[in-house]
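*Asks:* Need coordinates for the below:
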Amino acid sequence: QVQLVESGGGSVQAGGSLRLSCAASGTVFSVITMAWYRQAPGKQRELVAEITSGGRTSYSDSVKGRFSMSGDIAKDTAYLQMNSLKPEDAGVYYCRFTPKYGREYWGQGTQVTVSS
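*Replies:* Next up is the predicted model:
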């Protein structure tokens, strides 16, 4: 059973940076998109950034210009560089891999805390 494992979360002060990583424990074949979501306490999980197999990235308006997503489809890894962090960026960050066939894969999440 392939699992996604996120890492890189932690506690930072506002204005700081973190780099999240997501790696698959095995091979996820034919990944077409990789994405990062976050969920703050009491709020719904929201899409933060996404990258396609063609390298096209998209971001939520709230993180555009501050976050940068990259990924290596062949290595089943994804990254999220988060700069100029704000308290409202805090939450649990999850990665998701979507293959062309079959089910989506989700990680267990990594906590990001941003203090003002």
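*Asks:* distance of the nearest residue to residue 15 once chain neighbours are set aside from residue 74?
*Replies:* Computed as CB to CB, 6 or more residues apart in numbering, the closest residue to residue 15 that is not its neighbour in sequence is residue 84, at 6.1 Å. For every residue, glycine as well, the C-beta is placed using N, CA and C. Counting by CB to CB, to the nearest Å, the gap between residue 84 and residue 74 amounts to 31 Å.
*Asks:* Counting neighbours, go ahead and name the busier of these two.
*Replies:* Under the criterion of other CB atoms under 10 Å, the comparison of residue 84 against residue 74 puts residue 84 first, with 13 against 9.
*Asks:* Could I get the contacting residues of the residue nearest to residue 15?
*Replies:* 15, 17, 66 (CB atoms under 8 Å, 6 or more residues apart in numbering).
*Asks:* Surely the first one forms part of a strand?
*Replies:* This means residue 15. No: when classified by DSSP: H, G, I helix; E, B strand; the rest coil, residue 15 is found to be coil rather than part of a strand.
*Asks:* Secondary structure class of the residue nearest to residue 15, three-state.
*Replies:* When the structure is reduced to helix, strand and coil (three-state DSSP), residue 84 reads as coil.
*Asks:* Tell me how far it lies from residue 8.
*Replies:* 17 Å.
*Asks:* next one: residue 26
*Replies:* Taking CB to CB as the criterion, residue 26 is separated from residue 8 by 20 Å.
*Asks:* So for these two, which residue has more residues nearby?
*Replies:* residue 8 (16 against 10).
*Asks:* Is that one in contact with residue 18, as I believe?
*Replies:* Yes: if you go by CB atoms under 8 Å, residue 8 and residue 18 touch, sitting 6.0 Å apart.
*Asks:* Show me where this protein has its strands.
*Replies:* With DSSP state E as the definition, the chain shows strands at residue ranges 4-7, 10-13, 18-24, 31-39, 46-52, 57-59, 67-72, 77-82, 91-99, 105-106, 110-115.
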